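Peer 1: Pasting the sequence and the predicted coordinates here, then a few questions.
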Number of protein chains: 2
Amino acid sequence: MRVYNFAAGPSTLPLEVLQKAKDEFLDFSGTGMSVTEISHRDKAYMAIVEEAEKLVRELLNVPDDYCVIFVQGGASTQFAAIPLNLMHNKKADYIVTGNFAKKAWQEGQLYGEAVKIGDSSDKVYTYIPDVDKLNYTEGADYVHITSNNTIFGSRYSKFPKCKAPLVADMSSEIFSREVDVKKFGVIYAGAQKNLAPAGVTIVIAKRDLIQDPLPICPTMLRWKVQDENGSLYNTPPAFSIYMANLVLRNLKEKGGVKAMQDINEHKAKLLYDFIDNSKLYKNNVLPEFRSIMNVPFVTGSDELDAKFVAEAKKVGLVSLKGHRLVGGMRASIYNAMPVEGVKALIEFMKKFETENK
Amino acid sequence: MRVYNFAAGPSTLPLEVLQKAKDEFLDFSGTGMSVTEISHRDKAYMAIVEEAEKLVRELLNVPDDYCVIFVQGGASTQFAAIPLNLMHNKKADYIVTGNFAKKAWQEGQLYGEAVKIGDSSDKVYTYIPDVDKLNYTEGADYVHITSNNTIFGSRYSKFPKCKAPLVADMSSEIFSREVDVKKFGVIYAGAQKNLAPAGVTIVIAKRDLIQDPLPICPTMLRWKVQDENGSLYNTPPAFSIYMANLVLRNLKEKGGVKAMQDINEHKAKLLYDFIDNSKLYKNNVLPEFRSIMNVPFVTGSDELDAKFVAEAKKVGLVSLKGHRLVGGMRASIYNAMPVEGVKALIEFMKKFETENK
């Protein structure tokens, strides 16, 4: 039986994509070999990378003066790549609104002055600081944000308007809502939430910003090099890019990012409305900043939380345990989570509440 | 029809491994989800990473004071990670015996004095310099070699005995012949030849060497951090590690590295003997240094080479085109290439020679 998988990443993928990948797993596109075996210099494979790039450009309306590259190492590797590509004045601003935002800020400190201009740790990251009132550093190389906080379930409702290029980690929400790419200098995202199996990271960067990486930047972390080589400077994470391409095709068939955003907002509203009206469950994030991708909630009792997670698993609602930094539960309801999955979760929550009054 | 795929990497994988991955692609180990969807913190997935590490240790007889980690970015990323983890005296030796050896050497120059103590470019990398007669640098942090040259088809027949730790890129031959791990400081290998689909890189390193990475080393490139976190510091390339584990199990079932070495030597001998006895084909590598993994050969005519590659493809012998730096043909006959594939290639070569006298 297929379960509803609420994991924060790696996470659920569209069933029709998985089925297609399975069907052609031993013979990709009539080549007589698996897509996991084909040379990355084979035309049949290079066509995948080209199509995936084209679909990203189309679905996010990426301007022509931005590169779209597929790299390895996850967003965590980009935490270093960002200063190594951009930190010429050795000074950058960071807004720390969660665990990964903090890690990005700490990594920035390896290469220069990483100024924490905003911080919502005082209220366990349940809000986003007012970006209009922050003290942006004059001459900063960039301003870094994490647009959606996977662990704490908050997200930016509006983005900073700053002089320095805005760099955004969108790992846990890319392709889930419309964004205006040209307002960003760099957008990056690990694939394992809304795009593909783990192993590939997408970087969208304004080309004029990335022409002069620091001399100590590893060649493989130079966005310029990856861009000049069409993401094929070395052997790419071939299977993950292939899967990303299938997911992107699937997203286009479903109507694109705006259509997906409507569905995501509907799913999130169902869940938040239920939580807000229940007596047992609570979500602590300020409504304005609530993520439509990651929905943490607690019962107030660790014991009851554990029981919830265990019993939910028995009925095929899995990976609902919250991150250890927050506790309780977390339902990640990414693009590939069908509305039926959210409804099934709500039904279970109702039943559990009745049984545990 | 399944082809024989002679690609240099990504490359052919054991058919029984592909079949198993296909069979359980929609439901991994009774979890009700694909292995591409499961959380890397799920016990069922963590068991894979643990088993893969254990199998590497067992198959290569890795001493306990070495780490075995799975990282991202390919060998090309390790070209930077090596100096960033090891180059405390800002001085290291490199033996340049091919294209990737050269790239590793060039990357080393970003971080210190990368001394080229050996170079076989004078004869198009068709031999390995005598490692007993090289002028090793006093106080070097390490000596870097590429143990098998994928493009030029040469390999070390003996390894340097040097005071500094020996660091070896074994991407295109790991698990194909026995090596004495304890004679190396670091062994690393991109997976996409003998281990798994592209996207994961294995690093085996003596722990006492890796405790003090340079301050500018990105966290994700710090071997120590990956070791301390059991390769799960961040989201790993989950599917590639899963496939690596299946390949490692398969290798163990087939008798391990020594059994595989015997088969590989047999396959290589069949092909080299045929080439050496033919009037049409030529391999230019000195016999002592001939790779048992990558076998380049030429007819002496670019036109005939192109015809060979095109006609071979028609009968299901694919990706035989040589690298652009060498031209001609190259048959990569990794662990997963069955002896039948090599025999089929030889039969085709015979027929082609007769038809093109």
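Peer 2: Good, I have the coordinates. Numbering: from 1, shown residues only, chains lettered A, B, ... in the order given.
Peer 1: Could you check how far stretch A:272-283 is from the centre of its chain?
Peer 2: With C-alpha atoms, centre = their mean, to the nearest Å as the basis, stretch A:272-283 stands 25 Å off its chain's centre.
Peer 1: try stretch A:50-57
Peer 2: 18 Å.
Peer 1: so does it get close to chain B?
Peer 2: No - using C-beta under 8 Å from any C-beta of the partner chain, we find that stretch A:50-57 stays clear of chain B, coming within 14.9 Å at best. Using the backbone N, CA and C atoms, a C-beta is placed for each residue, glycine as well.
Peer 1: Go through that stretch and flag the buried ones.
Peer 2: Neighbour-count burial for stretch A:50-57, with 16 or more other C-beta atoms under 10 Å in any protein chain shown as criterion, is recorded at A:52, A:53, A:55, A:56, A:57.
Peer 1: Helix or strand: which one has the closest residue in space to the first one that isn't next to it in sequence?
Peer 2: The shortest distance from residue A:52 to any residue other than its chain neighbours is 4.1 Å, reached at residue A:245 (C-beta to C-beta, 6 or more residues apart in numbering or on different chains). For residue A:245, the host element (DSSP states H and E) is helix A:238-253.
Peer 1: what's around the residue nearest to residue A:52, how many residues?
Peer 2: Burial of residue A:245 is recorded as 24 neighbouring residues (other C-beta atoms under 10 Å in any protein chain shown).
Peer 1: Same question for residue A:228.
Peer 2: As a burial measure, residue A:228 scores 11 neighbours (other C-beta under 10 Å).
Peer 1: State the pLDDT value of it.
Peer 2: Looking at residue A:228, its pLDDT is 98.
Peer 1: Contacts for stretch A:320-329, please.
Peer 2: Residues from elsewhere that reach stretch A:320-329, judged by C-beta atoms under 8 Å, 6 or more residues apart in numbering or on different chains: A:6, A:8, A:99, A:124, A:150-152, A:296-299, A:302, A:305, A:308-309, A:312-313, A:330-331, A:345.
Peer 1: distance between the ends of it?
Peer 2: This stretch, stretch A:320-329, spans 5 Å end to end (C-alpha to C-alpha, to the nearest Å).
Peer 1: Do you know the pLDDT at residue A:13?
Peer 2: So, for residue A:13, pLDDT stands at 98.
Peer 1: tell me the SS of it?
Peer 2: Counting by DSSP: H, G, I helix; E, B strand; the rest coil, the backbone at residue A:13 sits in coil.
Peer 1: Burial check on it, number of neighbours?
Peer 2: Neighbour count for residue A:13, taken as other C-beta under 10 Å: 26.
Peer 1: Quick check: the gap between it and residue A:47.
Peer 2: Distance, residue A:13 to residue A:47, using C-beta to C-beta, to the nearest Å: 22 Å.
Peer 1: mind listing the helices in the stretch 251-357 of chain A by residue range?
Peer 2: A:256-277, A:302-314, A:339-355 (DSSP state H, counting those that start in this stretch).
Peer 1: closest to chain B out of these?
Peer 2: Of all the helices of the stretch 251-357 of chain A, the one in closest proximity to chain B, counting by C-beta to the nearest C-beta, is helix A:302-314 (10.1 Å).
Peer 1: pLDDT averaged over the closest one - what is it?
Peer 2: 98.
Peer 1: What residues sit buried inside it?
Peer 2: For helix A:302-314, by 16+ other C-beta under 10 Å, it's A:305, A:308, A:309, A:311, A:312.
Peer 1: Dump these to TSV, plus distance to chain B.
Peer 2: Output for the buried residues of helix A:302-314, formatted as TSV (distance: C-beta to the nearest C-beta, whole Å):
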residue	distance to chain B
A:305	17
A:308	17
A:309	13
A:311	16
A:312	13
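Peer 1: Out of those, which is nearest to residue A:80?
Peer 2: Nearest to residue A:80 among these, counting by C-beta to C-beta, is residue A:309 at 34.4 Å.
Peer 1: out of the helices of the stretch 251-357 of chain A, nearest to residue B:260?
Peer 2: Taking those one by one with C-beta to C-beta, helix A:302-314 is closest: 40.9 Å.
Peer 1: Contacts made by stretch A:251-260 with the rest, please.
Peer 2: With C-beta under 8 Å, 6+ apart as the test, stretch A:251-260 has contacts from A:55, A:58, A:59, A:60, A:175, A:176, A:177, A:178, A:335.
Peer 1: got the contact list for the residue nearest to residue A:208 when sequence neighbours are not counted?
Peer 2: Among residues not flanking residue A:208 along the chain, residue A:65 sits closest, at 7.0 Å (C-beta to C-beta, 6+ apart). Residues in contact with residue A:65 (C-beta under 8 Å, 6+ apart) are A:206, A:207, A:208.
Peer 1: Now render those residues as TSV, adding secondary structure and distance to residue A:19.
Peer 2: Below are those laid out as TSV (DSSP: H, G, I helix; E, B strand; the rest coil; distance: C-beta to C-beta, whole Å):
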residue	secondary structure	distance to residue A:19
A:206	strand	38
A:207	helix	38
A:208	helix	42
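Peer 1: Of the residues you listed, grab the buried ones for PyMOL.
Peer 2: Here is the PyMOL command that selects only those of the contacts of residue A:65 that count as buried (16+ other C-beta under 10 Å):
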select buried, chain A and resi 206
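Peer 1: of all the contacts of residue A:65, which comes closest to residue A:220?
Peer 2: Closest to residue A:220 out of those is residue A:207 (18.5 Å), distances taken as C-beta to C-beta.
Peer 1: That closest one touches residue A:68, doesn't it?
Peer 2: No - assessed by C-beta atoms under 8 Å, residue A:207 is found out of contact with residue A:68, at 10.6 Å.
Peer 1: How many neighbouring residues does residue A:180 have?
Peer 2: Residues within reach of residue A:180, counting by other C-beta under 10 Å, total 9.
Peer 1: where's it relative to residue A:168, distance?
Peer 2: In terms of C-beta to C-beta, residue A:180 sits 11 Å off from residue A:168.
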